[in-house]
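> 3D, please:
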Amino acid sequence: MKHEVRSPQTFHHDVIRVTRKFNSCLHLEGKSLRHCCYSPDHNLRLRVALGVYVCYIRDFLEVFGDNLVVVTMNEYHSYPTETVTKMFSHIGVSKPNLEELRHFIETSKTSNVNSEVTEGFGEMLDETKELLTKFYEPYNSELATLLGDSKYLFV
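You can find the predicted model right below:
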């Protein structure tokens with residue numbers, strides 16, 4: 001088996017390939033967004049379909065209705081205690097002991113599961129960031145409209 005050299009450039013080419021394939025599913029094959037998001041063809045190595053949050057949140061809202069609370073990773077990382085308290089309150093669970101909650105959050109290690117894999121490959125190319133921003137923008141716009149909050153206009 002040939003060893004693949006991974007770099008920001010190869011990642012960029014992979015992003016081009018998988019976003020084209022996803023868009024082809026929608027536009028050339030005429031499949032629904034839901035079909036393209038859940039299709040195993042689009043959840044391979046880069047899994048760009050997982051970032052089309054509006055697709056999955058629509059399904060969650062259909063099942064859970066108002067019992068769903070959506071939290072961004074940025075919210076959780078910036079305000080972990082407040083965010084967890086908000087989630088507890090939303091689902092009707094008694095307010096946690098703040099001292100115990102802070103201790104749990106501070107001692108829990110949050111990590112990017114891909115950090116070991118991507119370490120040493122360098123920063124993502126600006127062109128890749130731009131490509132991903134353009135790819136996700138319409139879906140994030142739909143998400144912001146669905147949830148009635150512009151904070152979901154992110155990449």
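> And stretch 76-86, what's buried?
Neighbour counts using 16 or more other C-beta atoms under 10 Å place P80, T83, V84, T85 of stretch 76-86 among the buried residues. C-beta: built from backbone N, CA, C; applies to glycine.
> Can you tell me how far the residue nearest to the spatial centre of the chain is from K134?
Centroid-nearest residue in the chain, with C-alpha atoms, centre = their mean: G51, separated by 4.0 Å. Distance from G51 to K134, counting by C-beta to C-beta, to the nearest Å: 13 Å.
> got any residues that touch both of the two?
Counting by C-beta atoms under 8 Å, 6 or more residues apart in numbering, G51 and K134 have no common neighbour.
> Now the longest helix seen in the chain: buried residues?
In the chain, taking DSSP state H as the definition, the longest helix is helix 126-147. Within helix 126-147, the residues scored as buried using 16+ other C-beta under 10 Å are T128, L131, L132, F135, Y136, Y139, N140, E142, L143, A144, L147.
> Name the residues that touch it?
Here helix 126-147 makes contact (C-beta under 8 Å, 6+ apart) with 8, 11-12, 15-16, 19, 22-23, 48, 51-55, 57-58, 61, 70, 150-155.
> Confidence-wise, which helix or strand of the chain is lowest on average?
Within the chain, no helix or strand scores below helix 115-118, which has a mean of 53 by mean pLDDT, DSSP states H and E.
> sorry, back to before: sort out which of the contacts of helix 126-147 are buried, if you could.
8, 11-12, 15, 19, 22, 48, 51-55, 57, 152.
> what's the farthest-apart pair in those residues?
P8 and I57 (30.3 Å; C-beta to C-beta).
> which other helices and strands contact the strand or helix carrying Y56?
Taking DSSP states H and E as the definition, Y56 sits inside helix 53-64. If you count contacts as 3 or more C-beta pairs under 8 Å, 6 or more residues apart in numbering; DSSP states H and E, helix 53-64 packs onto helix 33-38, helix 126-147.
> any idea of the mean pLDDT in the longest one?
Going back to what we said before, that points to helix 126-147. For helix 126-147, mean pLDDT rounds to 96.
> Likewise for the first one?
The predicted model gives helix 33-38 an average pLDDT of 94.
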